[in-house]
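When you get a sec, could you give me coordinates for this:
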Amino acid sequence: MGRSPPNSITFELGGPITRTNLPGVCDRFRALLERGGIEVALCDVSGAVPDCATIDALARLQLAARRHGCRVRLHQPSSELLELLDFVGLSDVVRG
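Sure thing, here's the model as predicted:
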């Protein structure tokens, strides 16, 4: 008998993220995690801009997820975003 799929949520991280809207992004993500029992947060980054603000957001989302016993998985990351994650040393922390 196979293991049932983990409880998951989907969260979209798209468009340019600014330092001013970063706290709101994190607050919305944490509110989703407050439901409890979430094992995987699938983060759709297909529309994300590969820049420092996006990297900062992903690191913060991963930290919040870990605090809730969850992990973040990236959905449709661009090669540029994956390269930037690797460059800053976060490719093992936030995975595609």
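
How about the host helix or strand of residue 25, which residues are buried there?
Applying DSSP states H and E as the criterion places residue 25 in helix 22-33. Across helix 22-33, burial judged by 16 or more other Cβ atoms under 10 Å covers 25-26, 29, 32-33. (C-beta placed from N, C-alpha, C; glycine too.)

Redo these as TSV? Include pLDDT.
TSV is the format used below for the buried residues of helix 22-33 (pLDDT from 0 to 100):
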residue	pLDDT
25	94
26	94
29	95
32	93
33	93
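
on that earlier part again, may I have the strands that pair with whatever helix or strand comes next after the helix holding residue 25, each with its orientation?
Moving toward the C-terminus from helix 22-33, the first helix or strand encountered (DSSP H and E) is strand 40-44. Strand pairing for strand 40-44, determined by DSSP bridges: strand 8-12 (parallel), strand 71-75 (parallel).

Let me see the residues that make contact with the first one.
With contact meaning Cβ atoms under 8 Å, 6 or more residues apart in numbering, strand 8-12 is reached by 28-29, 32-33, 35, 38-44, 47, 61, 75.

let's see it at 7 Å
With Cβ atoms under 7 Å, 6 or more residues apart in numbering as the test, strand 8-12 has contacts from 29, 32, 38-44.

Show me the shaky parts of the chain.
For the chain, the stretches flagged by pLDDT under 70 are 1-5, 96.
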